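Student: Compute the structure for the input listed below.
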Amino acid sequence: MSSELSVNGLCVVDFKSKYLTEEMQAWRERNAVPFAASCARQIWYGDTACFADFPYGNVRNMISVLEGPDGYERLLRVMAGLESEREGETHVRGQFADGWRALQSSDPDKAAQFQKLYGQLRMDTTLIQQRILSKHKKRLPEHAARSLSGQVKGDDVLLVAHVTGGGVLANNSERIIRVTENTQKKRDAFLTVTHPDPDVLANMSDLITSLSFERRIRSTISLVSFDEAIDAVLGGTPHYDRLYVDVPMGDYSDADYLLVESWKVRPLRESTLTHLKGTPMARGASTGVWLDPELENYISPEALREEMTERGERNKVILQQAADAASTCAQIRARGELPKNVLADRRPDLMEPGRDLRPDSPLPPEP
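Tutor: Numbering: from 1, shown residues only. Predicted coordinates for the structure are as follows:
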């Protein structure tokens, strides 16, 4: 094997972990190649000549083998999260780092042969994630709600939570708690929860305690009666900056009316009201008093769905651009150039959101 592995001499084997055999494991330990491994997937890479005696066995058709720039592109795609179930996530980088540290520990001399290639992968993955995938937005109601509400760290939040028929905190309610506390940093007590039904509210204390015990919620959550929450909206304390409603419209008609009417005369005019759920019997559409045209700073379930649709369309463009950038980075590396310079400096047009990088050509023409 050469002293340093180049992109043009690269070989990548990619297969599901269920096809991993004892022979393959012994081969990797004997040959000492870098890898990324999870319970679902194995990706090993090294010099093409090194993989000449790889023990494919009777699962050869289940293993992808890619060489040169194609192999480098595959590593970039996986490392950048483009092939993860949650596209664009960064956790998979840790799997590559773990495999790299294992190689350095077991065979530091062999690891030195892959040092340059691994550094290139990290650099190009960072480029793709920071310049492209950072614009990717999660397509979930709680993230859309927080974005549309303009919530920033330091806000005090009131949640009218929903408990399912099975007696558990509804997914939307738990998620809005978790995504809200992600903005709070050093604040602990920022969230108040209520419910129109006193019996449900009494049981909710145990549900919140259970979530805290399981470490799914870190923050201190206050529970108040629905009347106390309405008084606060009307100008009492605390002064809620954001109000989220997860109880389906129409389940508690009197509570819907009180919320809407108190919101219309609230003194804290810059605060926002977001309804996470419409009327189930009307396919999630808004009904009843929630159609009041005088509601200001109000984000409806329809507005949330529209935002998620727009996010989905934008994300398709962003993910395609990231995939094209991975292909382009591989082509540039194969030529011995630095993608960071070519893409970000000499050709900033290639990093613009929505740019079609046309992976079937070495590089798009200059504008």
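Student: so which helix or strand takes in Thr274?
Tutor: strand 272-275 (DSSP states H and E).
Student: strands paired with that strand, and their directions?
Tutor: Its sheet considered, strand 272-275 pairs with strand 242-245 (parallel), strand 298-299 (parallel) by DSSP bridges.
Student: starting at the chain centroid, how far to the helix or strand that the longest one is followed by?
Tutor: Per DSSP H and E, strand 242-245 leads on to helix 253-264 as the next helix or strand towards the C-terminus. In terms of C-alpha atoms, centre = their mean, to the nearest Å, the centre of helix 253-264 is set 35 Å apart from its chain centre.
Student: tell me which residues of helix 253-264 are tucked away?
Tutor: By 16 or more other C-beta atoms under 10 Å, the buried positions in helix 253-264 come out as 255-256, 258-263. For every residue, glycine as well, the C-beta is placed using N, CA and C.
Student: Show me the contact partners of the helix or strand encompassing Phe190.
Tutor: Following DSSP H and E, one finds Phe190 within strand 189-194. Here strand 189-194 makes contact (C-beta atoms under 8 Å, 6 or more residues apart in numbering) with 154-161, 177, 180-181, 184, 201, 204, 208, 219-226, 228-229, 232, 238, 240.
Student: remind me, longest helix of the chain?
Tutor: In the chain, assigned by DSSP state H, the helix with the most residues is helix 301-334.
Student: And it, what does it pack against?
Tutor: Using 3 or more C-beta pairs under 8 Å, 6 or more residues apart in numbering; DSSP states H and E as the contact test, the elements touching helix 301-334 are helix 68-79, helix 115-131, helix 141-149, helix 339.
Student: so can I have JSON lines of those helices showing mean pLDDT and mean neighbour count?
Tutor: Converted to JSON lines, these look like this (pLDDT from 0 to 100; neighbours: other C-beta atoms under 10 Å):
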{"stretch": "helix 68-79", "mean pLDDT": "96", "mean neighbour count": "23"}
{"stretch": "helix 115-131", "mean pLDDT": "93", "mean neighbour count": "19"}
{"stretch": "helix 141-149", "mean pLDDT": "90", "mean neighbour count": "21"}
{"stretch": "helix 339", "mean pLDDT": "88", "mean neighbour count": "23"}
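Student: Mind putting those into JSON lines with distance to Ala97?
Tutor: Formatted as JSON lines, the helices and strands packed on helix 301-334 follow (distance: least, C-beta to C-beta, whole Å):
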{"stretch": "helix 68-79", "distance to Ala97": "10"}
{"stretch": "helix 115-131", "distance to Ala97": "9"}
{"stretch": "helix 141-149", "distance to Ala97": "27"}
{"stretch": "helix 339", "distance to Ala97": "20"}
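Student: Show me which residues of the helix or strand bottoming out on mean pLDDT in the chain are buried.
Tutor: Least confident helix or strand, the chain: helix 198-213 with a mean of 84, by mean pLDDT, DSSP states H and E. Of the residues in helix 198-213, 200-201, 204, 207-208, 211 count as buried by neighbour count, 16+ other C-beta under 10 Å.
Student: which residues are contacting stretch 261-277?
Tutor: Contact with stretch 261-277 is made by 141-142, 145, 148-151, 162, 172, 176, 230, 233-235, 239-249, 259, 284, 286, 290, 292, 294-301, 304, as judged by C-beta under 8 Å, 6+ apart.
Student: Domains in the protein, by residue range?
Tutor: What automatic domain parsing lists as the domains of the chain is 7-131, 141-299.
Student: Please name whichever of those is nearest to Pro339.
Tutor: Smallest distance to Pro339 across those (C-beta to C-beta): 5.5 Å, for domain 7-131.
Student: Can you give me the end-to-end span of that closest one?
Tutor: Start to finish, the residues bounding domain 7-131 are 23 Å apart (C-alpha to C-alpha, to the nearest Å).
Student: next one: stretch 27-39
Tutor: Stretch 27-39 end-to-end distance (C-alpha to C-alpha) = 19 Å.
Student: just how off-centre is it within its chain?
Tutor: On C-alpha atoms, centre = their mean, the centre of stretch 27-39 falls 28 Å from that of its chain.
Student: list the buried ones in that stretch?
Tutor: Counting neighbours by 16+ other C-beta under 10 Å, one finds that the buried residues in stretch 27-39 are 27-28, 31-37.
Student: Contacts for that stretch next, please.
Tutor: Under the contact criterion C-beta under 8 Å, 6+ apart, stretch 27-39 has outside partners 17, 42-46, 50, 53-55, 78-79, 92, 95-96, 98-100, 102-103, 106-107, 110-111, 114, 118.
Student: which of these are buried?
Tutor: Neighbour-count burial (16+ other C-beta under 10 Å) applied to the contacts of stretch 27-39 gives 42-46, 50, 54, 78-79, 92, 95-96, 99-100, 103, 110-111, 114, 118.
Student: returning to what we had before: out of the buried residues of helix 253-264, which two are the most distant from each other?
Tutor: Once C-beta to C-beta is applied, the buried residues of helix 253-264 give Ala255 and Trp263 as the farthest pair, at 12.3 Å.
Student: any idea how far Gly336 is from Cys50?
Tutor: Distance, Gly336 to Cys50, by C-beta to C-beta, to the nearest Å: 22 Å.
Student: Any regions of the stretch 201-350 of the chain where pLDDT drops low?
Tutor: Where the stretch 201-350 of the chain drops to pLDDT under 70, the residues are 212-216, 343-350.
Student: can you rerun that using 80?
Tutor: 209-219, 340-350 (pLDDT under 80).
Student: got it, and the stretch 51-200 of the chain?
Tutor: Along the stretch 51-200 of the chain, the parts satisfying pLDDT under 80 run over 152-154, 182-189.
Student: The same query, at a cut-off of 90, please.
Tutor: Residue ranges of the stretch 51-200 of the chain with pLDDT under 90: 84-92, 110, 130-132, 134-135, 137-143, 146, 150-156, 165-169, 174-175, 177-191.
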